[in-house]
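# only the shape, not the letters, is given here:
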């Protein structure tokens, strides 16, 4: 049997363990095991026999899933360990988006409940922490969008005009194409004019509706006015470039 | 007019900053998290991907902001208290299986439950009408005092990831406590060490601290005892790990 076939058999049996190469180090030599399915079975046995704190996050999910449904203690240990080692990470993240620790704790609890509910959907295409990040990110951004006080703060920012006499792309027969072409131009403009932090602040604030104070905490900005300073400097740079940009756009339109 | 133009700009900015087909997925971006200067072709020119990468790095970073440490510990402790509640929200798949079963049983259940509920209501009403005094409520069915969540011991630390092995385990003083019993355990709750203290802390012996240096997660909890050695309060189990990451 070729190594590819052996690896495939192993992958189908224990996709998480093998795709992430944690316990798979024990499977490094397929030749010594002689049979891929057998080696994969052995890796499962190894995962079951190791203590929870020795396992990677992904291996804990393997244990959680492959434990006999009657073995509640084994399953509980795996999921408890997985959650406990990620408490701080989730807590820190939520504190960046919430105004007080109680709200942050509620957000963190909702995120972990969502993780628990969707654990069966984790395919192992990425690390567990990346999957957790995706859930935490979406949950907190949704929280900001629906939080009324934050929304008020955002509405105040809507009054800013960056591009002065912008053509109204919403009217006329080519609105979709026009809009996409303008968006493309703006992407190029931002890339050309702004430094990395300004781009990130700009994208989070105007693209994802994240309030400036959250961006300050999220990026760990230590300057006095935090993210606001970056928005101000970005606007200044853009306002210098906009006349040139508009001339370019108008030239192209003939 | 000005407001309309602002909305137009806002919409356009959103379009410009939305995901494009060239943008990297989180699984693709994760490879770049630990490589600060390494940006792939698309990422180097995409503000959106750069912002995603920055957020991912912020999430993965163990660095707490000034003044954030205590809140992180508090949230961790509260999550631990509510772990059962978090896990009680079952997976949709399990719920779907149950709802199918429930649908099948609902008709039969209704036929049985409605008469039973009616009978219980009649018996209860008759009983309440016949007994004029309030029933006596007993908080404890046995001699062991019950520990309520609001009566838990607040832990000061350690908890979470630590840069070095802690020297002591510390908690808030409990009024009326004569003694405290402290237990340190493996993550599977195998006991490693226990001690008693009259103060609101215990010093960890050198032998145990040496074991903590091996990047091994440990659990601990403290129990407050009164003069008769009865439990008055307990803390939630705390988890910590010494890590040089």
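Received, thanks. It should be emphasised that the depicted structure is a prediction, and the values quoted were computed from it without experimental measurement.
# domains of the chain?
Defaulting to chain A. A:3-67, A:86-146, A:175-253 (automatic domain parsing).
# let's do chain B instead
Taken from automatic domain parsing, chain B resolves into B:2-60, B:76-130, B:149-242.
# to chain A, which of those domains lies closest?
domain B:2-60 (3.0 Å; CB to the nearest CB). Any C-beta I mention is one placed from the backbone N, CA and C, and that applies to glycine too.
# and that closest one with chain A, contact?
Yes: Domain B:2-60 lies within reach of chain A by CB under 8 Å from any CB of the partner chain, at B:2-3, B:5-10, B:12-18, B:26-27, B:29-30, B:45-48, B:50-51, B:54-56, B:58-60.
# what segments of chain B are helices?
Using DSSP state H, the helices of chain B run over B:2-17, B:26-33, B:41-44, B:47-60, B:69-81, B:83-88, B:92-130, B:206-212.
# ok, residue B:81 touching residue B:154?
No: between residue B:81 and residue B:154 there is no contact under CB atoms under 8 Å: 11.1 Å.
# okay, and for chain A, where does confidence drop off?
Low-confidence segments of chain A, defined by pLDDT under 70, are located at A:1-50, A:67-70, A:148-176, A:249-250, A:252-254.
# give me that answer again for 80
Regions of chain A meeting the criterion pLDDT under 80 cover residues A:1-54, A:66-72, A:145-182, A:242-254.
# mind checking the longest helix of it?
Chain A, longest helix under DSSP H: helix A:227-253.
# for it, buried residues please.
The neighbour-count check on helix A:227-253 (16 or more other CB atoms under 10 Å in any protein chain shown) flags A:227, A:228, A:229, A:230, A:231, A:234, A:237, A:238, A:242, A:245, A:246 as buried.
# find the residue at the geometric middle of chain B.
Nearest residue to the geometric centre of chain B (CA atoms, centre = their mean): residue B:79, 1.5 Å.
# pretty sure it contacts residue A:86?
No: between residue B:79 and residue A:86 there is no contact under CB under 8 Å: 9.4 Å.
# mutual contacts of these two, please.
residue A:112 (CB atoms under 8 Å, 6 or more residues apart in numbering or on different chains).
# about what we covered before: contacting residues around the closest residue to the residue nearest to the centre of chain B other than its chain neighbours?
Nearest residue to residue B:79, sequence neighbours excluded (CB to CB, 6 or more residues apart in numbering or on different chains): residue A:87, at 5.1 Å. Going by CB under 8 Å, 6+ apart, residue A:87 touches A:108, B:75, B:76, B:79, B:80, B:160, B:239.
# mind checking the end-to-end distance for stretch B:62-69?
Using CA to CA, to the nearest Å, one end of stretch B:62-69 lies 11 Å from the other.
# give me the contacts around that stretch.
A:88, A:89, A:92, A:95, A:217, A:220, B:72, B:161, B:245.
# rerun at 6 Å
A:95, B:72, B:161 (CB atoms under 6 Å, 6 or more residues apart in numbering or on different chains).
# how about the second one: what's its closest non-neighbour residue?
Okay, so that is residue B:72. Nearest-residue entry for residue B:72: residue A:91, 4.6 Å, with adjacent residues in sequence omitted and distances by CB to CB, 6+ apart.
# count of residues packed around that neighbour?
By other CB atoms under 10 Å in any protein chain shown, 27 other residues sit near residue A:91.
# which residues sit in contact with it?
A:108, B:72, B:75, B:76.
# in the sheet, who's paired with residue B:180?
residue B:197, residue B:224 (DSSP bridges).
# sorry, back to before: of all the domains of chain B, which one is nearest residue A:188?
Closest to residue A:188 of these, according to CB to CB: domain B:2-60, at 8.6 Å.
# near chain B, which residues of the stretch 1-150 of chain A show up?
A:52-53, A:77, A:81, A:84, A:87-88, A:91-93, A:95, A:101, A:104-105, A:108-109, A:112-113, A:116-117, A:120, A:125-127, A:130, A:133-134 (CB under 6 Å from any CB of the partner chain).
# ok, of these, which come out buried?
Buried among the residues of the stretch 1-150 of chain A next to chain B by 16+ other CB under 10 Å: A:52-53, A:77, A:81, A:84, A:87-88, A:91-93, A:95, A:101, A:104-105, A:108-109, A:112-113, A:116-117, A:126-127, A:130, A:133-134.
# what's around the residue in chain A that chain B sits nearest to, how many residues?
Residue of chain A nearest chain B, by CB to the nearest CB: residue A:207 (3.0 Å). Residue A:207 sits with 18 neighbouring residues when counted by other CB under 10 Å.
# ditto for residue A:187
By other CB under 10 Å, neighbour count at residue A:187 equals 19.
# could you do residue A:138 as well?
12.
# any idea which element it lies in?
Assessed by DSSP states H and E, residue A:138 sits inside helix A:128-146.
# by contact count, what packs against that helix?
Contacting helix A:128-146 under the criterion 3 or more CB pairs under 6 Å, 6 or more residues apart in numbering or on different chains; DSSP states H and E are the following elements: helix A:101-118, helix B:26-33.
# would you mind measuring from residue B:35 to residue A:124?
22 Å (CB to CB, to the nearest Å).
# now distance to residue B:216 too, for the contacts of residue A:91, in TSV please.
Listed next are the contacts of residue A:91 as TSV, based on distance: CB to CB, whole Å:
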residue	distance to residue B:216
A:108	25
B:72	21
B:75	23
B:76	18
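# of all the residues you listed, which two lie farthest apart?
It's A:108 and B:72 that sit farthest apart of those, by CB to CB, at 9.9 Å.
# just the buried ones from the residues of domain B:2-60 next to chain A, in ChimeraX syntax?
Only the buried entries of the residues of domain B:2-60 next to chain A go into this ChimeraX selection, using 16+ other CB under 10 Å:
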select /B:5,6,8,9,10,12,13,15,16,17,26,29,30,46,47,48,50,51,54,55,56,58,59,60
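# residue A:228: what's it in contact with?
residue A:212.
# can you tell me how far it is from residue B:74?
Residue A:228 is 29 Å from residue B:74, by CB to CB.
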